[in-house]
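Undergrad: quick one: sequence and predicted model below, then my questions.
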Amino acid sequence: MEVIADRRCSFLGNVTVGKDVSLATMQEMYHAVVLAYGAEGNRQLQIPGQNLSGVMSAREFVWWYNGHPECADTNIDLSSITSVAICGLGNVAVDCARILLQPPERLASTDIAEHALQQLRRSSVQYVHLIGRRGPVQAAFTPKELREVLSMEGVSVQVPAAAMNLTPFDQAEMDATRMKRRVYDTLRKAADKQADGNQKRQLHLHFLRSPVEVLDSGDGHVAGLKLEVNTLKTSSDNAHQRAMGTGQYESVDAQLVLESIGYKSYPLSGAPFDDKKGIIPNTLGRISTIQGGDGAISGLYVCGWLKRGPSGIIGRSFVNSDYSCPGWQSPVPRTCASLLRDRDLTSFNAGLTIERFIHDIVHLPLLTVN
């Protein structure tokens with residue numbers, strides 16, 4: 001809030017770069033333009049049946065229970081759902097599982113959207129399945145979020161003991177990264193603890209499983225997931241492990257499937273884009289025509305997920321953005337704000353109140369990409 005209150009800072013809302021103003025025009029007006037619009041898209045499973053009713057992105061589900069305007073009208077009827085499959089082993093997947101299994105009374109005191117709370121009160125969900133193609137060491141949970149979901153009262157946690165067997169490469173990964181060790185130890189405790197099969201609500205973790213097909217109930221709605229059992233194979237250069245299918249299959253019942261396998265960034269007209277990596281090519285934040293090479297574009301920068309890919313939490317992105325770019329504070333004769341005013345587009349400057357700023361930041365897109 002200190003930044004937005006600074007008279008040198010202006011906030012322009014309800015502006016779509018590429019539609020209301022081009023990137024080229026912004027480059028003419030400013031000595032430095034920083035692209036920091038993150039990764040708003042979702043990676044999809046790309047398997048048969050993914051377009052069945054009842055398959056949606058975890059992001060949409062999170063936006064639904066958080067009351068995001070774009071998902072306020074999303075129709076989710078939890079009263080007819082007993083089992084949910086969540087594809088992914090990261091914090092978003094864990095958050096979705098926690099919301100689905102948490103007693104509604106505990107959520108009532110939070111800022112969860114009222115329409116979501118009403119659905120959760122009518123929920124018939126008893127089983128939530130977290131599914132990942134690799135093992136527990138490669139899971140992207142952070143320890144705190146994992147402990148929270150594993151310690152929920154009245155929830156039986158099912159972690160197959162066989163999945164906790166380590167390869168030498170797994171051991172090396174944990175030796176190199178303390179967080180991986182903490183996540184594994186937390187899961188190990190859950191696997192060693194005898195699950196209470198009498199609990200009505202159950203959380204099942206499925207490691208080394210790849211979804212290969214969304215099963216049809218016969219009326220165009222999801223009925224479950226077909227999974228291939230995987231094994232981990234070390235790459236030829238011993239740099240990493242890959243999940244390889246074994247040709248063995250199993251299935252889980254589900255009336256709702258949430259895709260939580262990562263985000264992707266969208267390209268912006270006028271800026272180079274690496275479709276394969278899903279990032280804007282850059283060298284230490286300076287946008288280039290070639291990733292890590294020559295061809296730097298003067299005055300054009302990138303940071304966050306758009307720079308390095310969609311991984312990590314806010315703290316990592318904060319550190320990632322802390323680099324020096326010369327010439328940023330040099331004055332320019334004309335700004336984007338004056339151009340937008342000329343075109344009768346809404347702008348908000350540093351004179352607005354904190355309350356109005358919060359309202360606008362929630363309800364208006366920040367320089368969205370067309």
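TA: Received, thanks. Residues are numbered from 1 along each chain as shown.
Undergrad: correct me, but Leu45 touches Cys87?
TA: Yes. In this structure, Leu45 is within contact of Cys87 by C-beta atoms under 8 Å, at 6.3 Å. No exception for glycine: its C-beta is placed from N, CA and C like everyone else's.
Undergrad: anything in contact with each of those two?
TA: Taking C-beta atoms under 8 Å, 6 or more residues apart in numbering as the contact rule, Leu45 and Cys87 both touch Pro211, Glu259, Ile261.
Undergrad: what sits against the second one?
TA: Taking C-beta under 8 Å, 6+ apart as the criterion, Glu259 is in contact with Asn42, Arg43, Gln44, Leu45, Gln50, Val55, Met56, Ser57, Ala58, Cys87, Gly88.
Undergrad: just the buried residues of the host helix or strand of Leu225, please?
TA: Under the criterion of DSSP states H and E, Leu225 resides in strand 222-234. In terms of neighbour count (16 or more other C-beta atoms under 10 Å), strand 222-234 has its buried residues at Val222, Ala223, Gly224, Leu225, Lys226, Leu227, Glu228, Asn230, Leu232.
Undergrad: ok, for the last one, nearest residue in space, not its chain neighbours?
TA: Counting by C-beta to C-beta, 6 or more residues apart in numbering, Gln241 is the residue found nearest to Leu232 once chain neighbours are left out, at 4.4 Å.
Undergrad: partners of the one you found in the sheet?
TA: Under DSSP bridges, the beta-bridge partners of Gln241 are Thr234.
Undergrad: separation between it and Pro136?
TA: Separation of Gln241 from Pro136 (C-beta to C-beta, to the nearest Å): 12 Å.
Undergrad: what does Arg286 give?
TA: Distance from Arg286 to Pro136, by C-beta to C-beta: 38 Å.
Undergrad: distance from the lengthiest helix in the chain to the middle of the chain?
TA: Criterion DSSP state H: the longest helix present in the chain is helix 178-192. The chain centroid and the centroid of helix 178-192 are separated by 22 Å under C-alpha atoms, centre = their mean, to the nearest Å.
Undergrad: likewise for stretch 96-109?
TA: Chain-centre distance of stretch 96-109: 20 Å, with C-alpha atoms, centre = their mean.
Undergrad: what do you get for stretch 119-127?
TA: With C-alpha atoms, centre = their mean as the basis, stretch 119-127 stands 24 Å off its chain's centre.
Undergrad: likewise stretch 125-141?
TA: That offset, for stretch 125-141, works out to 15 Å (C-alpha atoms, centre = their mean).
Undergrad: cool, stretch 3-22 as well?
TA: Here the centre of stretch 3-22 is set off from its chain's centre by 25 Å, with C-alpha atoms, centre = their mean.
Undergrad: equivalent analysis for stretch 64-76, please.
TA: Centre-to-centre, stretch 64-76 and its host chain are 16 Å apart (C-alpha atoms, centre = their mean).
Undergrad: how far does that stretch stretch from one end to the other?
TA: End-to-end distance for stretch 64-76: 9 Å, by C-alpha to C-alpha, to the nearest Å.
Undergrad: next: stretch 97-105.
TA: 16 Å.
Undergrad: where do the helices of the chain begin and end?
TA: For the chain, the helices defined by DSSP H cover 2-5, 23-29, 58-66, 91-101, 104-107, 114-121, 143-150, 168-176, 178-192, 305-308, 314-320, 336-342, 354-363.
Undergrad: start to end distance for stretch 63-82?
TA: 21 Å.
Undergrad: which parts of that stretch are buried?
TA: Across stretch 63-82, burial judged by 16+ other C-beta under 10 Å covers Trp63, Trp64, Tyr65, Cys71, Ile76, Leu78, Ile81.
Undergrad: any idea how far the fourth one is from Lys19?
TA: Distance check for Cys71 against Lys19: by C-beta to C-beta, it reads 22 Å.
Undergrad: what is the lowest-pLDDT residue among the shared contacts of Leu45 and Cys87?
TA: Among the shared contacts of Leu45 and Cys87, Ile261 carries the lowest pLDDT, at 85.
Undergrad: now do the contacts for the residue lying closest to Met244 once chain neighbours are set aside.
TA: Spatially, and ignoring its direct neighbours in sequence, Met244 is nearest to Lys233 (4.8 Å; C-beta to C-beta, 6+ apart). By C-beta under 8 Å, 6+ apart, the residues touching Lys233 are Gln241, Arg242, Ala243, Met244.
Undergrad: any idea how far Lys233 is from Ile4?
TA: Distance from Lys233 to Ile4, counting by C-beta to C-beta: 50 Å.
Undergrad: one step back: tell me which of the shared contacts of Leu45 and Cys87 is nearest to Gly299?
TA: Distance to Gly299 across these (C-beta to C-beta) is lowest for Ile261, with 35.2 Å.
Undergrad: report the contact partners of the closest one.
TA: Going by C-beta under 8 Å, 6+ apart, the list of residues near Ile261 reads Arg43, Gln44, Leu45, Cys87, Gly88.
Undergrad: compare those and tell me which is most surrounded.
TA: Cys87 (27 neighbours; other C-beta atoms under 10 Å).
Undergrad: that one pairs with what?
TA: Ile131, Glu259.
Undergrad: tell me who's in contact with it.
TA: By C-beta under 8 Å, 6+ apart, the neighbours of Cys87 are Leu45, Ala93, Ile131, Gly132, Pro211, Leu225, Val257, Leu258, Glu259, Ser260, Ile261.
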